[in-house]
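Asker: sequence below, structure please.
(2 chains)
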Amino acid sequence: MRFQRIKGTRDILPEEIGKWQAAEALIHQIMTRFAFSEIRTPIFEETELFARGIGQLTDIVSKEMYTFVDRGEKSLTLRPELTAGVVRAFIENNLGKKLPVNKLYYISPVFRQENPQAGRLRQFHQFGAEIIGSPEPAADVEAIALSIAIYRAFNLERFLVKLNSVGDTVCREPYKQKLREFLRPRLRRLCQSCQQRFEKNPLRILDCKEESCRAETLEAPQFIDHLCDACARHFGRVRELLAAAGITYELDFRLVRGLDYYTRTAYEIISDQLGAQDALCGGGRYDLLVEELGGAPTPAVGFAAGMERLMMVLDQIAWQPAIHNPPVVFLAPLGPAAIAWAVQTAQQLRQQGLAVEMDLLNRGLKAQLREANRQQAKFTVIVGDNELRAQHAIVRDLQSSQQTEVAFNDLISYLQQSSTS
RNA sequence: GUGAGUGUAGCUCAGUUGGUUAGAGCACCAGGUUGUGGCCCUGGUGGCCGUGGGUUCGAGUCCCAUCACUCACCCCA
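Answerer: Predicted coordinates for the structure are as follows:
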């Protein structure tokens, strides 16, 4: 019996971990530049949190969650996204009382039981940010600017920002009615799933991918023309501030966020360098969620982005992270006595902060030097019976092939000085 | 859940109308240097050809089933 990884999961191996670490470091850096603080919430929560937060009717909740019952017979779920958990933590820890605005970010694994394909896994990673406590258009723009700044930091140029407004409780139902009125005479020409969407969720018909449905909805009333006064003012101001920030975008009346909690601003960043799953990042305002989850009414805006999808486009633009940490010193002992010396010396050198590797296979000198070369060590320290007797080591510079005899007593300071020069 | 494609060495892949002991490159190991890496030369280790069944004198090759992976639909980051 050979075990294999669960469908839709991946191992991130040493050969690619440098890329992940570098990407995460850059994300941390940009998040910090925008004055966001990291938050880490549990990987699982009460099932009800997601059901209420994301929406019972969404596919995520109705068929994609990893839900199980623990020994106390409580229903738990591996988080399918992070906003609900962050908002739960915001409420539970009274963060709204500590600060007027909380700016939080995360880079974490999430879980959805979908069929895997390019850019879609069952365990994947999202990074994202939430601004909780500000109703201001400037907050919307800060979230959008942050997500763009991150992609720019990776030297990504080919992406498109799509923007829309999905209104609020005042104007959404009236708009849905207008949309239904427009669609009713065309209903039988729509695809089957759109016919089902008609009553429950007519907005979804707008982003149907069927060519025929798109043709039918081409002239449909657009939400941004039917916003209530408050939403229209908000959207107008968001657009002014985006212009002030020098952010270009495309209005897309078909853009409807998949999760129920969004209000007003909705946006998405897409790339033509991905497969069919072309969304790099999706976000928007969710002024109703905090209250929905039992907190005081609190406006919020944020986004979530797919880490693996970022990695996919980074591969395409050949983004090369600078992270590479070869050992500085490779200890090559020959024989049992020298191995004892090497174990002791490795301790001392590592305590001095040097990255030290030593052979663990009792190999011959030739094999050890090959290994040191493979690992791109700066120095190889060769010690055999001769050197033990003479109380000095042979320090070989792998690049120049120069060898120096260094007395054991001077070895640490010699390597420290040489490795920094 | 649905559809299509692909499963041969650690990796990338050849393998003729079915025909002997299944190959290459890279990687790994050893020798060429009795204690000296990279480059080069020589050699070597490593395969239940995804799994099970069937057809056949004979199956990596044909048929059926099954599993896995990939891509796509749906949905979403």
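
Asker: so for stretch A:368-382, mean pLDDT?
Answerer: Model confidence over stretch A:368-382, given as mean pLDDT, is 96.

Asker: for A:Cys231, give me its contacts.
Answerer: By CB atoms under 8 Å, 6 or more residues apart in numbering, the residues touching A:Cys231 are A:165, A:167-168, A:170-171, A:264. C-beta: built from backbone N, CA, C; applies to glycine.

Asker: and with 10 Å instead?
Answerer: Residues in contact with A:Cys231, defined by CB atoms under 10 Å, 6 or more residues apart in numbering, are A:165-168, A:170-172, A:175, A:223-224, A:263-265.

Asker: need the contact list for A:Thr77.
Answerer: Counted by CB under 10 Å, 6+ apart, A:Thr77 has contacts A:44-51, A:61, A:65-68, A:84, A:111.

Asker: ok, back up a step: keep only those of the contacts of A:Cys231 that are in strands.
Answerer: Assigned to strands by DSSP state E, the following of those qualify: A:165, A:263-265.

Asker: nearest to A:Ile339, of the residues you listed?
Answerer: Distances from A:Ile339 to these, taken as CB to CB, are shortest for A:Thr265 (64.4 Å).

Asker: Serialize the contacts of A:Cys231 to a markdown table and add fields for distance to A:Pro333 and neighbour count.
Answerer: Output for the contacts of A:Cys231, formatted as a markdown table (distance: CB to CB, whole Å; neighbours: other CB atoms under 10 Å):
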| residue | distance to A:Pro333 | neighbour count |
| --- | --- | --- |
| A:Ser165 | 69 | 30 |
| A:Val166 | 67 | 22 |
| A:Gly167 | 72 | 27 |
| A:Asp168 | 71 | 17 |
| A:Val170 | 77 | 12 |
| A:Cys171 | 76 | 20 |
| A:Arg172 | 73 | 18 |
| A:Tyr175 | 76 | 22 |
| A:Phe223 | 72 | 25 |
| A:Ile224 | 73 | 19 |
| A:Thr263 | 67 | 23 |
| A:Arg264 | 67 | 25 |
| A:Thr265 | 64 | 27 |
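
Asker: RNA strand B: which of these is nearest?
Answerer: If you rank the contacts of A:Cys231 by distance to RNA strand B using CB to the nearest atom of the strand, A:Val166 comes first, at 12.6 Å.

Asker: show me what contacts that closest one?
Answerer: Residues near A:Val166 by CB under 10 Å, 6+ apart: A:172, A:175, A:203, A:223-224, A:227, A:231, A:255-257, A:262-266, A:284-285.
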